[in-house]
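> fold the stuff below for me.
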Amino acid sequence: MTLIKRSADERMKKIGIILFVAASLCRAQETGDCHPAATNVLDAAWPCVDSAARAQYRVKAPDARAMRLNFWSGPKLDMVKQAGGFWTITTPPLVAGFHYYTLIIDGAEVSDPSSHAYYGGGRDVSGIEITEPGSTYYSAQDVPHGQVREVWYHSDVTGTWRHALVYTPPGYDTQTNVRYPVLYLQHGAGVPTPNLAGKPFGSPEMMKAMQEMAAAFEDDVTQALIPFIDSHFRTLTDRDHRAMAGLSMGGMQTFQVTFDHLDELFSYIGGFSGAAGMMVLGNEKLDPKTAFHGALADPAAFARRLHLLWLGVCQDEGGTGAAAHIAG
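Modelled structure (predicted):
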């Protein structure tokens, strides 16, 4: 399946094709049971992760008066100043997976110079990967791999050049007689965000800005992106072979785009903790009879128009999760 992942950076870049073939024989020295995180910059020994999934940090800031380690979804820990101007901390065991974090030095929130920068929540910040012992499902395996291609297309809807990432499966370049179904996959909030300056949350001004952004996104996907992909890649261009899915805000965008174009464009829909629609911003409840221009008013008719509707919802720590699918 060909997969399209949208990105919202609207600025054109000057891009060259560069092939780097290099190997570094010098890596940060491992310290006892604590091994440098895979998310560190080259040769950075800290942060490191031990066998108990605890992360150890060591940051040099001799003139700082106070320093905190600030995990976005975890502990906020005061670091301790040691000899030589180093600030250190060892975290409690962390849940396996990726964790965003920053350092707060004398009240200023900054990135860790030992970490690569990772984009999330509308900005570049630090991150650390806590590996799951014995797991290999994220590891590169000696199996056929596809390619991720970066493309730019001009949108008459927005009047700008827009950016997308396209995954093509193994064999795409050699099996030139094969056409493929397409999944359009949309990220969550933070990339992009409309200009909401002076527009309080839930206010009519904010609702208007969000609705304008959503309408422009829908038109861009249906009038610019899909035609571009179908004309530049070997796709199956009927609705029976086209899907869309998204996370959080991307789920909301998915529902709006697909429910408005069930008859001509989409027959597979996925929402991963996707917001129900613009009504949630105004604290309104979902009315299935009127939401999405009445697409859900007749459940049986709605189901007949789809091959699959998959919904997944989760809550914070301590909560419960739910998943459901409706097959047409």
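> center of the chain - which residue?
Nearest residue to the geometric centre of the chain (C-alpha atoms, centre = their mean): residue 187, 4.4 Å.
> may I have the residues that are in contact with the closest residue to it other than its chain neighbours?
Distance criterion C-beta to C-beta, 6 or more residues apart in numbering; nearest residue to residue 187, sequence neighbours excluded, is residue 250 at 5.3 Å. All C-beta atoms are positioned from the backbone trio N, CA, C, and that covers glycine. Neighbouring residues of residue 250 by C-beta atoms under 8 Å, 6 or more residues apart in numbering: 185-188, 272, 274.
> list the residue ranges of this protein that fall below the pLDDT cut-off.
Scanning the chain for pLDDT under 70 picks out 1-31, 190-196, 276-284, 314-328.
> distance check, the closest residue to residue 95 other than its chain neighbours against residue 182.
Among residues not flanking residue 95 along the chain, residue 130 sits closest, at 6.9 Å (C-beta to C-beta, 6+ apart). Residue 130 sits 34 Å away from residue 182, going by C-beta to C-beta, to the nearest Å.
> more crowded one of these two?
Ranked by neighbour count (other C-beta atoms under 10 Å), residue 130 and residue 182 place residue 182 first, with 23 against 19.
> can you give me the domain boundaries for this structure?
Here the domain parsing of the chain from automatic domain parsing is 2-11+142-327, 39-130.
> circling back to that earlier point, and the contacts of residue 250, which of them are buried?
When these are checked for burial by 16 or more other C-beta atoms under 10 Å, the buried set is 185-188, 272, 274.
> turn those residues into JSON lines, including secondary structure.
What follows is those, written out as JSON lines (DSSP: H, G, I helix; E, B strand; the rest coil):
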{"residue": "185", "secondary structure": "strand"}
{"residue": "186", "secondary structure": "strand"}
{"residue": "187", "secondary structure": "coil"}
{"residue": "188", "secondary structure": "coil"}
{"residue": "272", "secondary structure": "strand"}
{"residue": "274", "secondary structure": "coil"}
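> and of those residues, the nearest to residue 246?
residue 186 (3.5 Å; C-beta to C-beta).
> wait, that closest one sits on residue 253?
Yes - at 5.4 Å, residue 186 counts as touching residue 253 under the criterion of C-beta atoms under 8 Å.
> next helix or strand past the longest helix seen in the chain?
Longest helix in the chain by number of residues (criterion: DSSP state H): helix 204-220. Where DSSP states H and E defines the elements, the next helix or strand beyond helix 204-220 is helix 226-232.
> could you list the buried residues of that next one?
Buried-residue list, helix 226-232, by 16+ other C-beta under 10 Å: 226, 228-229.
> make TSV from the residues you listed and add distance to residue 304 to it.
Listed next are these as TSV, based on distance: C-beta to C-beta, whole Å:
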residue	distance to residue 304
226	23
228	30
229	27
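> picking that back up, list the helices and strands the longest helix of the chain packs on?
For helix 204-220, the elements it packs on are helix 249-259, judged by 3 or more C-beta pairs under 8 Å, 6 or more residues apart in numbering; DSSP states H and E.
> the helix it packs on vs helix 204-220, what angle?
Helix 249-259 runs at 60 degrees relative to helix 204-220, counting by axes from the mean of the first three to the mean of the last three C-alpha atoms, to 10 degrees.
> centre of the chain versus helix 249-259, how much separation?
15 Å (C-alpha atoms, centre = their mean, to the nearest Å).
> residue 228 - nearest residue in space that isn't next to it in sequence?
residue 153 (4.2 Å).
> so that neighbour belongs to a helix, correct?
No - assessed with three-state DSSP, residue 153 is strand; it does not lie in a helix.
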